[in-house]
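A.B. asks: need a structure here:
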Amino acid sequence: MIVAFKLEKLFTDVFAPRHGDAVTILYDLPEYGIRGSERIHLKTFIMDSTIVLAMPEFSASAPLVRFAKKYKHLRIASMPGVTRSMEETGLSADYGEIAVTCTLLAPLFEKSDGIEVIFSTGHTCYFDISDHNMVFQDNGQLHPGTLTNTFCFANLPAGEVCTCPNETENSRTEGEIPAVIGNVLEDEKAGFHWAYGRSDHLGGKVGVKDFSSPDKVRHIDIVYAKGNPILCKRLDFVFPDETRETVITDGMLSI
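C.D. replies: Numbers count the residues shown, from 1 in each chain. The predicted model follows:
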């Protein structure tokens, strides 16, 4: 059964993912929603479902990931700020091919100690991933027998492999990062991006408690896809023996 519902209330002080603005992940879902003319308890409704397709104005990825981790029968896809034009772009991609590419990238995250990025501006940043946090593959594949993660969740359009960098006091992450924004929902799947803010839903240490108040919780992606003003000129995985493998050149994936 497919049911459409809308949220009764939204959270304040967040960025809407429209016109290139940054995306902020909400810290929790509201308690109630509306199905037709019926007021429903939203979390109970989700728990009693098997497939959830969320199309919110604001990204609800963090609370939805928590549901997917807790209730193994759930398959959840989130599409914050989705537009009709994406039917001809990211949503029409070959997700079989995307899954293959993600499968090739994931071991590089797992085996390397760092990622060095050179931007088209000449700035360079080294991201320390030597503590080997969870590597998440968002490949759009959620049907039985295709899962690469321990929970069934995807952001659509899909096509991403990510991990949370070392957030300890001993982190070797350093460098300079030029700021740029684009169409976050699509661009983050078309090239390199990094994010700051909440990270505990992705295996990191930064959670709601680390913000001044719950309504200030944010997770903001900064994207460098081809066609943006600033590109990822080169991205290297750096391995423990100091060898490297280049996977992005002039904004294009070369794996």
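A.B. asks: show me where pLDDT drops low in this structure?
C.D. replies: 1-27, 145-150, 181-190 (pLDDT under 70).
A.B. asks: Name the single longest helix found in it.
C.D. replies: Counting residues, the longest helix found in the chain (DSSP state H) is helix 95-111.
A.B. asks: Buried by neighbour count: which residues of that one qualify?
C.D. replies: Residues of helix 95-111 classed as buried by neighbour count (16 or more other C-beta atoms under 10 Å): 95, 98-99, 102, 105-106, 108-109. Bear in mind the C-beta positions are built from the backbone N, C-alpha and C, glycine included.
A.B. asks: Kindly export that helix (C-alpha atoms) in CSV.
C.D. replies: Extracted in CSV, the C-alpha atoms of helix 95-111 (Å, rounded to 0.1, in the frame of the first residue of the first chain):
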residue,chain,number,x,y,z
TYR,A,95,21.9,2.1,-11.2
GLY,A,96,23.4,-1.3,-12.1
GLU,A,97,26.4,0.5,-13.4
ILE,A,98,26.5,2.9,-10.4
ALA,A,99,26.5,-0.1,-8.1
VAL,A,100,29.5,-1.6,-9.9
THR,A,101,31.4,1.7,-9.6
CYS,A,102,30.6,1.9,-5.9
THR,A,103,31.8,-1.6,-5.4
LEU,A,104,35.2,-0.6,-7.0
LEU,A,105,35.5,2.5,-4.8
ALA,A,106,34.6,1.1,-1.4
PRO,A,107,37.8,-1.1,-1.0
LEU,A,108,39.9,2.0,-1.6
PHE,A,109,38.3,3.8,1.4
GLU,A,110,38.8,0.7,3.5
LYS,A,111,42.5,0.1,2.6
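A.B. asks: contacts for the next helix or strand after it?
C.D. replies: Downstream of helix 95-111, the next assigned helix or strand under DSSP states H and E is strand 114-119. Strand 114-119 is contacted from outside by 124-130, 172, 175, 177-178, 192, 194, 224, 230-238, 244, using C-beta atoms under 8 Å, 6 or more residues apart in numbering.
A.B. asks: Would you show me how to pick out the buried ones of those in ChimeraX?
C.D. replies: Under the burial definition 16+ other C-beta under 10 Å, those of those that qualify are selected in ChimeraX by:
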select :125,126,127,128,129,130,177,192,194,224,230,231,232,233,234,235,236,237,238
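A.B. asks: Give me the buried positions along stretch 198-205.
C.D. replies: Buried, per 16+ other C-beta under 10 Å, within stretch 198-205: 198-202, 204.
A.B. asks: between those residues, which is nearest S78?
C.D. replies: Lowest distance from S78 to the buried residues of stretch 198-205 (C-beta to C-beta) belongs to H201, with 11.6 Å.
A.B. asks: Could you look up the SS state of the closest one?
C.D. replies: helix (DSSP: H, G, I helix; E, B strand; the rest coil).
A.B. asks: close enough to count as contact, S59 and P80?
C.D. replies: Yes: the pair formed by S59 and P80 meets the contact definition of C-beta atoms under 8 Å, at 3.9 Å.
A.B. asks: Neighbours of E88, how many?
C.D. replies: The tally of other residues near E88 (other C-beta atoms under 10 Å) stands at 8.
A.B. asks: quick one: which of the buried residues of helix 95-111 is nearest L29?
C.D. replies: Out of the buried residues of helix 95-111, the member with the shortest distance to L29 (by C-beta to C-beta) is Y95, at 26.8 Å.
A.B. asks: Look up the closest residue to that closest one, ignoring the ones flanking it.
C.D. replies: Excluding its sequence neighbours, the residue lying closest to Y95 (C-beta to C-beta, 6 or more residues apart in numbering) is G140, at 4.1 Å.
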